[in-house]
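Colleague: please work out how this folds:
(one chain, ligands or ions: 1)
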Amino acid sequence: MYGLVNKAVEEMARAASGDEGWERIRRRAEVEEQAFIGMTAYPDDITYRLVGAASAELGISPEEVLVAFGEHWVRYTAEQGWGPVLASAGDTLPEFLLGLDALHARVRLMMPALRPPSFRCTDVQETSLVLHYYSPRDGMAPMVLGLLRGLGVRFGVDVETVHAAVKEQGADHDEFLVTWHDPA
Ligand code: 1DX
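Modeller: The predicted model follows:
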């Protein structure tokens, strides 16, 4: 994945466990790079190793790391110059989810090595929809739970997500039942 992803993991790890904690994670993951370049494509394996090492260092499961990382990603990319691209995807949670494939298509025009997942929405109601997630990568579904949390923060709504179909357990693809409402 593009270095932007690894940089986001790095920033989250530094915030959680300090510069020394990040160094331990980097060493445990056997990552040689002193710094990642956002617009350079790196092997996916580096990201998986960082997630595994952060899990060991922070004493939480890799799935929990991915949830936290997904939530962090939404704010991180907005702050790192991709705010206009995010803003182009939509002004509300459902609009944004309906616009995600178009967002990735836009980024891919500039970054041809991007291998984005695809998100489809069905059963779109006033305050709920079913999000279908198709990824070229395994094991990233927990990150989607965090991405939805981060989008809830971005759009100022409370989001509830149920992982209704799990590819890892034999389903054709992952499905999330997403419900949102204005905070009390
Ligand atoms: F719900 O693979 C909200 O490298 C969501 O399944 C979901 O293949 C927001 F550095 C610039 C760059 C670059 C901008 F310049 C990416 F290259 C992309 C910014 C999407 C914001 C996908 C990142 C593929 C890298 C993938 C989890 C899990 C999608 C990460 C989240 C908005 C993004 O992101 C999986 C790659 C961007 C960029 C967004 C993604 C690659 C998402 C979301 N994906 C690179």
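Colleague: find the centremost residue of the chain, please.
Modeller: Nearest to the geometric centre of the chain sits G70, at 3.5 Å (C-alpha atoms, centre = their mean).
Colleague: ok, that one - contacts?
Modeller: Applying C-beta atoms under 8 Å, 6 or more residues apart in numbering, we find G70 in contact with P142, M143, V144, L145, G146, L147, L148, R149, G150. No exception for glycine: its C-beta is placed from N, CA and C like everyone else's.
Colleague: tell me the spacing between it and R149.
Modeller: 7 Å (C-beta to C-beta, to the nearest Å).
Colleague: swap in V65?
Modeller: 14 Å.
Colleague: buried sites along stretch 150-158?
Modeller: By 16 or more other C-beta atoms under 10 Å, the buried positions in stretch 150-158 come out as G150, L151, G152, F155, V157.
Colleague: dump those residues into CSV; add distance to H173 as well.
Modeller: Converted to CSV, those look like this (distance: C-beta to C-beta, whole Å):
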residue, distance to H173
G150, 22
L151, 20
G152, 23
F155, 25
V157, 25
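Colleague: now, those residues that are in helices?
Modeller: Applying DSSP state H to the buried residues of stretch 150-158, the entries found in helices are G150, L151, G152, F155.
Colleague: contacting residues for the second one?
Modeller: This means L151. V74, L93, F96, L97, V159.
Colleague: and the last one, by the same measure?
Modeller: By C-beta under 8 Å, 6+ apart, the contact list for F155 reads D91, T92, L93, F96, W180.
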